[in-house]
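1. build me a model:
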Amino acid sequence: MPTTNSSGLDAFNALADQSVHKALLDCCHSDAWANSLVAARPFASVDALLTSADSVLRDLPESEIDNAIAGHPRIGERTENASSSREQAAVSAAGADVLEQLRIKNAEYEDKFSHVYLVCASGRSATELLDILRRRLENDPETERRVLRIELAAINRIRLNRLIDSLSGDDA
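-> Numbers count the residues shown, from 1 in each chain. Okay, here's the model as predicted:
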């Protein structure tokens, strides 16, 4: 569905480079990703911003993907990051048994892949996230890195849309 928040996009395009860079780092903890999007402004539409964000992410070296991942907490852990807390809201309602299984499987995932389990958690229950985690543990490292980029792109899109909405006063 196309996004058409022109007042928020106008505000985004008008922000000073340093301000937009900081806002973008709140979306994705990669300096290279944020720098590329700052340099690509102005965007003609929110869809153009999202397409550019996806393209930049696709071309990032693995070291920058690692930086982006480092900005995300484990699924099921409390965090001070407002975006992560909002995205994992359904997890907080999970029972102790599900949270314990998430903790165990998160550790198993980190042992296997050397980074946190990254998944677009918005609108997903803890049980669903645990099921996805179990399936992803079956991936080989190369497959998991491809999946991880897809999940990171989805998270970035949600956060960019929220950023644009907040700049127009429509923060949801």
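2. avg pLDDT for the helix ranked longest in the chain?
-> Counting residues, the longest helix found in the chain (DSSP state H) is helix 141-167. For helix 141-167, mean pLDDT is 96.
3. elements contacting that helix?
-> With contacts taken as 3 or more C-beta pairs under 8 Å, 6 or more residues apart in numbering; DSSP states H and E, helix 141-167 sits against helix 6-14, helix 17-27, helix 46-59, helix 62-70, helix 82-87, helix 96-113. Yep, even glycine has a C-beta here, placed from its N, CA and C like the rest.
4. any idea which of those scores lowest on pLDDT?
-> Looking across the helices and strands packed on helix 141-167, the weakest by mean pLDDT turns out to be helix 82-87, at a mean of 54.
5. residues contacting residue 143?
-> Contacts of residue 143 were listed using C-beta atoms under 8 Å, 6 or more residues apart in numbering, and none were found.
6. repeat for residue 133
-> Residue 133 touches 75, 102, 105-106, 109, 117, 119, counting by C-beta under 8 Å, 6+ apart.
7. can you put these in JSON lines and add distance to residue 169 and neighbour count?
-> Converted to JSON lines, the contacts of residue 133 look like this (distance: C-beta to C-beta, whole Å; neighbours: other C-beta atoms under 10 Å):
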{"residue": "75", "distance to residue 169": "31", "neighbour count": "26"}
{"residue": "102", "distance to residue 169": "36", "neighbour count": "22"}
{"residue": "105", "distance to residue 169": "40", "neighbour count": "19"}
{"residue": "106", "distance to residue 169": "37", "neighbour count": "18"}
{"residue": "109", "distance to residue 169": "39", "neighbour count": "22"}
{"residue": "117", "distance to residue 169": "35", "neighbour count": "26"}
{"residue": "119", "distance to residue 169": "30", "neighbour count": "23"}
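8. let me know the outermost residue of this structure.
-> What lies farthest from the middle of the chain is residue 97; by C-alpha atoms, centre = their mean that is 26.3 Å.
9. before we move on, back to that, which positions in the longest helix of the chain come out as buried?
-> 144, 147-149, 151-153, 155-167 (16 or more other C-beta atoms under 10 Å).
10. next: stretch 52-60.
-> For stretch 52-60, using 16+ other C-beta under 10 Å, the buried residues are 52-54, 56-57, 60.
11. equivalent analysis for stretch 8-25, please.
-> For stretch 8-25, by 16+ other C-beta under 10 Å, it's 8-9, 11-12, 15, 20, 23-25.
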